[in-house]
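Enquirer: using only what follows, build the 3D model:
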Amino acid sequence: MNFDMRLFKRGKWYWVEIARENRRPLKTKDEQEAKALVRAMEKERIKGRLFDLTKEKRVTLGEFKDFYMAYREGLDDLSPQTIRKDALSLKLLLEVFPSSILIQSIDFNKFKKTWLSVGNAKKVTINGYMRHLKIAFKWALKQGYIKKLPEFTMYRLGESLPRVLSPEQIKTIFDKAPADDLRFYTFLLWTGCRRSEGLNLTWPDCHLDQHKAKVTGKGNKERMVPLHGEVIRKLEPIKRDIGWVFTRYHADTWSKRFHGIATACGIDARLHDLRHSAATYMLASGIDIREVQAILGHSQISTTTIYADVLDSMKIKAINKMEIK
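Expert: Now for the predicted structure:
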């Protein structure tokens, strides 16, 4: 007798009933992730196999690849480019290790060395695949397929300082941007928020009268960010009581729109450069580095000090403008 899987909630957590009186926790509070898991489980049941999500199993790499991709493809907020990179990363892993190997036994240092020597891939490219694989195996850990996360050591690359846009470049790009885009760019520049933090901002969390907003950053950590007058002036005319503050384009779409406008202006710039610029100009304006750390949501002060190095670099370049006549 067929039984349709049923998704339900216990408290804040999602569960699935895969057969009558056979219920399993999905280990997530996110509805979208829970639905994606159920869709992936349905696919596995059709194939005649269904992993137990409650404890570690002897999962092979081939099985994990099928299950993980079914889950990722069930998520609504991932771009096709991300899905393709996920699939390619696992495909490359399967070209180094047999599909029958248990995922607990994979040596990612061997994966790196193989493609560096055989595939002649650049280290930065391999690091990109490693990041996608690390996300996949973090999910495997969360689901109980492995007891601990394997070692993911990235290749050290020549470190460059974050790119900071000059005031002239910012003005040129902002002058070219449509009104809706300009509001979003203004928010990112004058708060230093990440694009995801801006996109997830709702009006109930945006307190213009108090000059502050509550954003959710990495690891679902909430923090209050102060709102500069420039931000308030852009948002007051469109203020509402409910809903999203900014248009809910996909995050990658927002990045492409910004890059397209910048390119049309003859400027090589990314959306994330607004965050770099914000941090640097905060320090240049005399804001204490600890306050900058709190505004940006950096967990480590060492991350914030990078922008002090950027500021020093800007000063060194500026000294060449000095003249004695």
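Enquirer: output stretch 173-181 as PDB - backbone C-alpha positions only.
Expert: Presented in PDB, the C-alpha positions along stretch 173-181 are these (Å, rounded to 0.1, in the frame of the first residue of the first chain):
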ATOM      1  CA  ILE A 173      27.700  54.200 -10.700                       C
ATOM      2  CA  PHE A 174      25.000  55.600  -8.400                       C
ATOM      3  CA  ASP A 175      24.100  58.300 -11.000                       C
ATOM      4  CA  LYS A 176      23.500  55.600 -13.600                       C
ATOM      5  CA  ALA A 177      21.500  53.200 -11.400                       C
ATOM      6  CA  PRO A 178      17.600  53.000 -11.500                       C
ATOM      7  CA  ALA A 179      15.800  54.300  -8.400                       C
ATOM      8  CA  ASP A 180      15.100  50.800  -7.000                       C
ATOM      9  CA  ASP A 181      18.700  49.700  -7.500                       C
END
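Enquirer: in that stretch, what counts as buried?
Expert: Ile173, Ala177, Asp181 (16 or more other Cβ atoms under 10 Å). C-beta coordinates here come from the backbone N, C-alpha and C atoms, glycine included.
Enquirer: just stretch 160-174 next, same as before
Expert: Under 16+ other Cβ under 10 Å, the buried positions of stretch 160-174 are Val164, Leu165, Gln169, Ile170, Thr172, Ile173.
Enquirer: confirm the first one sits in a strand?
Expert: No. Counting by DSSP: H, G, I helix; E, B strand; the rest coil, one finds Val164 to be coil, located in no strand.
Enquirer: so where's this protein shaky on pLDDT?
Expert: When residues are selected by pLDDT under 70, those of the chain lie in 1-3, 19-22, 44-57, 119-120, 158-159.
Enquirer: tell me where it has strands.
Expert: Applying DSSP state E to the chain gives strands spanning 6-10, 13-19, 22-25, 206-207, 212-216, 222-226.
Enquirer: so what touches the longest one?
Expert: With Cβ atoms under 8 Å, 6 or more residues apart in numbering as the test, strand 13-19 has contacts from 3, 5-9, 23-31, 33-34, 37-38, 41, 45, 50.
Enquirer: give me the angle between that strand and strand 6-10.
Expert: 140 degrees (axes from the mean of the first three to the mean of the last three Cα atoms, to 10 degrees).
Enquirer: ok, strand 13-19: who's next to it in the sheet?
Expert: Sheet pairing for strand 13-19, assigned by DSSP bridges, gives strand 6-10 (antiparallel), strand 22-25 (antiparallel).
Enquirer: which positions within that strand qualify as buried?
Expert: Those would be Tyr14, Trp15, Val16, Ile18, for strand 13-19 by 16+ other Cβ under 10 Å.
Enquirer: distance from that strand to the middle of the chain?
Expert: 28 Å (Cα atoms, centre = their mean, to the nearest Å).
Enquirer: report the central residue of this structure.
Expert: Ser196 (7.4 Å; Cα atoms, centre = their mean).
Enquirer: what residues does the residue lying closest to that residue once chain neighbours are set aside make contact with?
Expert: Leaving aside its chain neighbours, Ser196 sits nearest to Ala251 (5.9 Å; criterion: Cβ to Cβ, 6 or more residues apart in numbering). Ala251 sits next to Arg195, Ser196, Leu199 when contact means Cβ under 8 Å, 6+ apart.
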